[in-house]
Structure formats: structure tokens, C-alpha cells
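**Student:** One predicted model, sequence on top.
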Amino acid sequence: MSAKLKTYTLGCKVNQYETQFVREGLIGVGYTDADKDTPADLCIINTCTITGEGDSKSRQIIRKMNRENPEARLIVMGCYATREPGEVAALPGVAEVITDKRELPDLLGRFGVRDIPNGISGLDGRHRAYVKVQDGCLLKCSYCIIPTVRPQMSSRPQAEIIEEVRRLVDNGYREVILTGIHLGHYGVDFNRGKPKTDWVRLSSLVREICSIGDGFRVRLSSIEATEVTRELIEVMQDHGDQVCPHLHVCVQSGSDRILRKMKRRWTRKHIIDRCQHVKEQLASPAFSTDLIVGFPGETEADFEDSLDACRQIGFSKIHMFPFSPRKTTPAAEMDDQIPKAVKQERGRVVQQLETELRSEYFDALVNQELQLLVEDVDAQGVARGTSCRYANVAVAGAQFQDNDLATVRVVSNEGDHLTAVKS
């Protein structure tokens, strides 16, 4: 009987990708996924440390895995493991702590993997596949711990990424999401010392991926607004049926005073102007964002600036985070820490604004055609999935199959999703 494996991932798309990389390597040498109620022989836990809640959840999952799999060897990786390896090693059942993602091939080698994968072939339980194209961040945002735990900037070779995307498409994936710790810096490490005419950019990577063929679409994950370059917009225009007209731009705050305290590299005007330019170049693009509320010293006026920036850009989705002080970051030591109750109230206001903005954007999509990836078909034949513009869509009576990539016409806004008919 083969050895049984369980994996658990907290955090970002990059973590999801890296867990799958390890899982595929282990399955290749005979491990099989354990059923939910079957104890495993080996557990891989990929942790997150972007907030204090991430640390806490990571510890909870490690303890839970140990309770439910008492004879298993627990291997813990991820950003929390990198930041607090001693703390992680002291948790019950932990046999090994991986503190550097560059150690993953060595980890697989210790389990007998001879041919280390150069990517993934799928993403367990998901219709949309993540493709990690870049790792590391060199920025020094005052609130962020990630440059401490992922400081090495590295981009994957373009040919390797193209091979991986082709493999995922051949395996039936109809959407690939390009992701990285600092996606907009793809290629920066390749370009040092080269003339500008020879630079590798995210835009050139996306264009090359589109040249593989049709039958699938490409989505960009989180990117800085100022890194949505003219070249990238041109690719989105030239391949409008293939590159999703959706950008997740990292705002964090709409107040210039707070942006300076955060040590962000751009102003409120830079962000709003770039998003406005995208609106002028693309038809009805969708914007989503990350927003921190309650940063140290954030006044009501600063908060109102953030709300106003969100309104001007028109985000259809806002990932709101109450400020969480991370030990060793400058923001953790700043004066004027905001009380929890204030952060909670501001978070409530942001959630209300998000609902209003999403409704406005969804209203604008009524009678438009959208490309839909079908991710579920229920017993009544109602197909549900994610549109190219990152809106959830339901279609009744269209006889779609799971994983279809179809064109639909929006007929109504239901608040949290759109209803549509086959186009």
C-alpha cells in the first residue's frame, strides 16, 4: 500500500502553487492523497505570515494536523516557517521546517524524486490554474513583512513558463492566472546590464503566452497600478478575447500622507490616473484592490481620501485588511496606533462601499457579452462560474458543461452575481 499524503495551504496564490509543486513531486514517487478521515503518513503545511491572523491560523492547522494524523511526519514550509522557524519547530509533530523555498527541490530529492518538476500539471480541486512566474520583493513598504521572508528577486525563464502553460492547457485548464510576489517586476533580474531594447517584461511574457493558441484565457493577479505599462495595455488590447480585462491593483491607501508613511512609491494621483487611462483604452475593465484600514495615524480625513479614491476608480471588489502590526516592521513601532474598534468600524464602511461599487459596475455590464468559465452545473442545469471581468455569473437552461469557456449575455444584476443567457 502506498504512503498517504495530506497537504494544507494558507495564504496567497504563490503558496497554493508551491504546495502543488511539492504534491506533484511526491505523487510521482508513489504517494497518494489520503481521504479526509484517513490518517496520513506525511503532512505538508504551507504557512502564511502576512498578518497576525495568518500566524495564528498556521499554528492552529499544524496542531490540528498533528491531532488528526498522530503518526504522520509533519513538514512545515511557507512564510511563517521562514520568519519563525524555532517557534514552528517547537509545535507538536513537526519533523522538519523549510525556511527557504529554494530548498524545495532538495526536499523532494530526499523523498526519492529524481526528476524534479519544472512546474505543475494542474491545481487540485480548481478550475483555474495558477502559474508562478516570479518570486521575491525588494520594496520596503513600512507595514510589510514579506520582503523579509522572500527577499530574493527571481524570475522564471520565459520558455519554462510557456511549457508549463501549454501543459496546463493540454490538461484541460481554460484559465491560467499569472502570479508572483511582485508580478510587475517580472524580468527585472534578467534585464540588469542589458540594453533596454533587449529587456524581458511582463507584457512580452503575456504576449508570448497568447501565441500558444486559443481555447484558454490569461488573467493577471495582483499588480501595482503604475506597473500597468503602455506595453501591457497594448497586449490586453491586441488579445482582448484572451487576456481578461481585469486588474487587481494594490492601492493600500488613497491618502498621500498615509502612502508616504507606508513608504509606497506613488501618489494617489498616480494610481487614479493610471486606472483612468486603462478605462480609456479598454472596454469596461474590472478593477479590484487591497486596502488597509487603520494604519497608524490614519485620520478620518485620510480614511475619506481612501474611500474617495475607491469611488473614482470604481472597484468591483475590495480586499479590506485592518492594519496588523508585524514585528520588526517600522509600522509596528509607529505612534498613533488605531484602536481596534475604529478599525472595525472603518472596515464596515469599506464593505458597504464595496457593495455599492460592485452594484454600479454590475449594472454597467447588463446587456454586455462576457466570457464565462463554467465552474459548476447544478442538478437544475444552472451553470455558474467566473467571467472574464471577475464577476460571478449564473446561466440557466444553456446546457453548458463543467469547464466550458462560453460567451454569455448579461440580463440582470442580482447584487452578488449576474444572471445571463447563452449568447
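**Tutor:** Sure thing, it's come through. None of these values were measured; they are calculated from a predicted model. Residues are numbered from 1 along each chain as shown.
**Student:** could you point out which element follows the helix or strand of the chain with the lowest mean pLDDT?
**Tutor:** In the chain, no helix or strand scores lower on mean pLDDT, DSSP states H and E than helix 188-191, which sits at a mean of 88. Using DSSP states H and E, the helix or strand that follows helix 188-191 towards the C-terminus is helix 202-210.
**Student:** State the mean pLDDT of the helix or strand that that next one is followed by.
**Tutor:** The C-terminal neighbour of helix 202-210 among helices and strands, as given by DSSP H and E, is strand 217-220. In this model, strand 217-220 has a mean pLDDT of 98.
**Student:** sorry, back to before: quick one: list the elements packing against the least confident helix or strand of the chain.
**Tutor:** Secondary structure elements in contact with helix 188-191, counted by 3 or more CB pairs under 8 Å, 6 or more residues apart in numbering; DSSP states H and E, are strand 154-155. Any C-beta I mention is one placed from the backbone N, CA and C, and that applies to glycine too.
**Student:** how about the strand or helix carrying Val169 as PDB, C-alpha atoms only?
**Tutor:** Assigned by DSSP H and E, Val169 belongs to helix 158-170. Below are the C-alpha coordinates for helix 158-170, written out as PDB (Å, rounded to 0.1, in the frame of the first residue of the first chain):
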ATOM      1  CA  GLN A 158      10.100  32.500 -20.300                       C
ATOM      2  CA  ALA A 159      10.500  29.200 -22.100                       C
ATOM      3  CA  GLU A 160       9.800  27.300 -18.900                       C
ATOM      4  CA  ILE A 161       6.600  29.300 -18.200                       C
ATOM      5  CA  ILE A 162       5.400  28.700 -21.800                       C
ATOM      6  CA  GLU A 163       6.000  25.000 -21.500                       C
ATOM      7  CA  GLU A 164       4.000  24.900 -18.200                       C
ATOM      8  CA  VAL A 165       1.100  26.900 -19.600                       C
ATOM      9  CA  ARG A 166       1.000  24.600 -22.600                       C
ATOM     10  CA  ARG A 167       0.900  21.600 -20.300                       C
ATOM     11  CA  LEU A 168      -1.900  23.100 -18.200                       C
ATOM     12  CA  VAL A 169      -3.900  23.900 -21.300                       C
ATOM     13  CA  ASP A 170      -3.400  20.400 -22.700                       C
END
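**Student:** change the start of the numbering to 3 and stick with it
**Tutor:** Sounds good: first residue 3 from here, last item helix 160-172.
**Student:** what's that helix in contact with?
**Tutor:** Helix 160-172 is contacted from outside by 120-124, 131, 133, 135, 178, 202, 206-207, 210-211, 214-215, 217-218, using CB atoms under 8 Å, 6 or more residues apart in numbering.
**Student:** For whatever helix or strand comes next after it, list every residue counted as buried.
**Tutor:** Counting by DSSP H and E, the next helix or strand C-terminal to helix 160-172 is strand 177-182. Of all the residues in strand 177-182, those buried under the rule 16 or more other CB atoms under 10 Å are Glu177, Val178, Ile179, Leu180, Thr181, Gly182.
**Student:** ok and strand 177-182 relative to helix 160-172, angle-wise?
**Tutor:** Here the directions of strand 177-182 and helix 160-172 differ by 150 degrees (axes from the mean of the first three to the mean of the last three CA atoms, to 10 degrees).
**Student:** How far does strand 177-182 sit from its chain's centre?
**Tutor:** Relative to the centre of its chain, strand 177-182 is centred 8 Å away, using CA atoms, centre = their mean, to the nearest Å.
**Student:** Pairing partners for that strand, with directions?
**Tutor:** strand 130-137 (parallel), strand 219-222 (parallel) (DSSP bridges).
**Student:** Give me the next element, helix or strand, following the last one.
**Tutor:** The C-terminal neighbour of strand 219-222 among helices and strands, as given by DSSP H and E, is helix 232-240.
**Student:** The strands paired with strand 177-182: which one's closest to His187?
**Tutor:** Checking those against His187 by CB to CB gives strand 130-137 as the closest, at 6.4 Å.
**Student:** Any stretches of the chain with poor pLDDT?
**Tutor:** The chain contains residues with pLDDT under 70 at 3.
**Student:** For the helix holding Val171, which residues meet the burial criterion?
**Tutor:** Residues of helix 160-172 classed as buried: Gln160, Ile163, Glu166, Val167, Arg169, Leu170, Val171 (neighbour count, 16+ other CB under 10 Å).
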